[in-house]
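**Q** Test case, fold it:
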Amino acid sequence: MSSTKLNSEGVLLLEQPFVRVPYENYRKVFRATQRNIERELGNVQTVSNDLLKRSKSREVNLEDAAKSVDGMIGRVENLKRKLSELQDTAGKPTLDVTRERLQHLMAVETLQTTGSLDFSRWADTRLDRWLVDWALRTGRENTARTLAQDRNIETLVDIDLFTDIRRIELALSKHSCTEALAWCSENKTALRKIKSTLEFELRLQEYIELARDQKKQEAMAYSKKHLVSWQETHLPQIMQAATLLAIKPSTTCGPYRRLYDDSRWLDLIQAFRLAIYNLNSLPTEPLLNLALYSGLASLKLPSCNDKSSHNIDCPVCDPSINTLAREVPFSHHANSTIVCRISGKIMDEDNMPMMFPNGQVYSREALEDMAAKHNGMVTCQVTDQKCEFSALKKVFIS
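**A** The predicted structure is shown next:
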């Protein structure tokens, strides 16, 4: 088995989302914990400060003080119970997933060559992960679950995340913004950091639907509550939307017809998908496609587009893969490698190129094998010219 020194940095290039997804999940757990602590301890602090002031002015009796202290103890115990439940249901499972994924990546650091059995097993697991990712992105959730369970890699794939994405996209396709707005509320801080306008676009769409149904009073109230707060950055869109109240959905006026157009829901689905991918450092293309692109880009040559020079062992020349290869650039090689179109083997000093009288070149091994089967005669695969093996000339590559 041939082996090459393992480039661990190159292997890990596509693995950022692999760790980022559980990190983002645990960040949500942390924020929920923080909110619970701030709310409950804030109330305890308020009651204790009030009790301290009343005690200094001698306006409190022992019974009232005991009730206040019991109330504070009850709040703290309730906080402890909530935090314990949160840790058991979300915190610990997420930490376990993060730990297992990090251990999976750390295994690469201990491997020396790509020819080792350990690397082959690791690479097989990675391929399974990429196949699950591809299945989830293309709507094949049952296939993804079955493969993950069969390979025992449930903790190494993001089925729950893509199930959530699918649920919200399905709601948007049914013209409901409720689920997407709830997601925006959960991730408000992160969306603000990446300067996403998804929440505004969702709010604007809900306003448009009210205008479409001629619910003018509700639309104006909705605008005051949810759109006015965006006026510093989206004033032109808000002013244009306000005009919708005087324009019917059947209008032929371009700007307002576009606002009423149902294609806006498809734009919202794309905007939501882009936002959630950005938050989790997920590429817009399946990881399997990206890996194929990088591999094909290192192999693609101009001759791959010429059917007469296709190599049976070249992945780029394979009709089923060539469609993907069209989208990648040609590879850059400082030194050319000549491959025999008959055998698919490299031609070098041990397998010299042999030239027909017509100028076509093939490997010595392939032509010797052909000559042995046809009484010393060889045939050019391009022109069908026949000649004796002894008529061939050696080609020396400088």
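**Q** can you give me the strands for this protein?
**A** If DSSP state E is used as the criterion, the strands of the chain fall at 353-355, 361-363, 377-379, 386-388, 393-394.
**Q** So for Leu245, which of those strands sits nearest?
**A** strand 361-363 (76.0 Å; C-beta to C-beta). In this view, the C-beta of every residue, glycine as well, is placed from N, C-alpha and C.
**Q** Could you list the buried residues of that closest one?
**A** Val361, Tyr362, Ser363 (16 or more other C-beta atoms under 10 Å).
**Q** can you pull the contacts of the nearest residue to Pro315 once chain neighbours are set aside?
**A** Spatial nearest neighbour of Pro315, excluding adjacent residues (C-beta to C-beta, 6 or more residues apart in numbering): Ile321 at 5.4 Å. Counting by C-beta atoms under 8 Å, 6 or more residues apart in numbering, Ile321 touches Leu292, Leu296, Pro315.
**Q** Return the distance of the helix ranked longest in the chain from the chain's centre.
**A** When the chain is parsed with DSSP state H, its longest helix is helix 16-56. Mean C-alpha position of helix 16-56 versus that of the full chain (C-alpha atoms, centre = their mean, to the nearest Å) differs by 31 Å.
**Q** Kindly report the same for stretch 191-203.
**A** On C-alpha atoms, centre = their mean, the centre of stretch 191-203 falls 19 Å from that of its chain.
**Q** now what about stretch 79-97, what contacts it?
**A** Counting by C-beta under 8 Å, 6+ apart, Pro22, Asn25, Tyr26, Lys28, Val29, Ala32, Thr33, Asn36, Ile37, Glu40, Leu41, Thr155 sit against stretch 79-97.
**Q** Among those, name the buried ones.
**A** Pro22, Asn25, Tyr26, Val29, Ala32, Thr33, Glu40.
**Q** now the helices for the stretch 51-200 of the chain?
**A** Applying DSSP state H, counting those that start in this stretch to the stretch 51-200 of the chain gives helices spanning 62-86, 92-109, 117-137, 141-151, 159-173, 178-186, 188-193, 198-212.
**Q** residues of the second one that come out buried?
**A** By neighbour count with 16+ other C-beta under 10 Å, helix 92-109 contains the buried residues Pro93, Thr94, Val97, Thr98, Arg101, His104, Val108.
**Q** go on, the first one?
**A** By 16+ other C-beta under 10 Å, the buried positions in helix 62-86 come out as Ser68, Met72, Arg75, Leu79, Lys82, Leu83, Leu86.
**Q** Those residues into JSON lines, with extra columns for pLDDT and distance to Gln381?
**A** Putting the buried residues of helix 62-86 into JSON lines (pLDDT from 0 to 100; distance: C-beta to C-beta, whole Å) gives the following:
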{"residue": "Ser68", "pLDDT": "82", "distance to Gln381": "95"}
{"residue": "Met72", "pLDDT": "87", "distance to Gln381": "89"}
{"residue": "Arg75", "pLDDT": "86", "distance to Gln381": "85"}
{"residue": "Leu79", "pLDDT": "87", "distance to Gln381": "79"}
{"residue": "Lys82", "pLDDT": "87", "distance to Gln381": "75"}
{"residue": "Leu83", "pLDDT": "88", "distance to Gln381": "73"}
{"residue": "Leu86", "pLDDT": "85", "distance to Gln381": "69"}
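**Q** and the buried residues of strand 361-363 as CSV, adding distance to Thr143 and pLDDT?
**A** Formatted as CSV, these follow (distance: C-beta to C-beta, whole Å; pLDDT from 0 to 100):
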residue, distance to Thr143, pLDDT
Val361, 46, 91
Tyr362, 44, 92
Ser363, 42, 92
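**Q** Can you give me the end-to-end span of stretch 336-351?
**A** 16 Å (C-alpha to C-alpha, to the nearest Å).
**Q** next one: that stretch to chain centre, how far?
**A** Counting by C-alpha atoms, centre = their mean, stretch 336-351 comes out at 39 Å from the chain centroid.
**Q** Provide the contact partners of it at residue level.
**A** 309-314, 353, 361-367, 370, 381, 397.
**Q** Can you lay out the buried ones among the contacts of stretch 79-97 as JSON lines showing distance to Ile165?
**A** Output for the buried ones among the contacts of stretch 79-97, formatted as JSON lines (distance: C-beta to C-beta, whole Å):
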{"residue": "Pro22", "distance to Ile165": "16"}
{"residue": "Asn25", "distance to Ile165": "14"}
{"residue": "Tyr26", "distance to Ile165": "19"}
{"residue": "Val29", "distance to Ile165": "19"}
{"residue": "Ala32", "distance to Ile165": "20"}
{"residue": "Thr33", "distance to Ile165": "25"}
{"residue": "Glu40", "distance to Ile165": "33"}
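**Q** mind giving me a markdown table with those residues and columns for distance to Ser57 and pLDDT?
**A** Below are these laid out as a markdown table (distance: C-beta to C-beta, whole Å; pLDDT from 0 to 100):
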| residue | distance to Ser57 | pLDDT |
| --- | --- | --- |
| Pro22 | 53 | 90 |
| Asn25 | 49 | 87 |
| Tyr26 | 46 | 88 |
| Val29 | 43 | 87 |
| Ala32 | 39 | 86 |
| Thr33 | 37 | 88 |
| Glu40 | 27 | 86 |
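**Q** of all those, which comes closest to Thr146?
**A** Using C-beta to C-beta, the buried ones among the contacts of stretch 79-97 come closest to Thr146 at Pro22, 22.3 Å.
**Q** who's in contact with the closest one?
**A** Residues Thr94, Val97, Thr98, Arg101 are the ones in contact with Pro22 under the rule C-beta under 8 Å, 6+ apart.
**Q** what do you get for Asn152?
**A** Asn152 neighbours (C-beta under 8 Å, 6+ apart): none.
**Q** about what we covered before: widest-spaced pair of the buried residues of helix 92-109?
**A** Pro93 and Val108 (24.6 Å).
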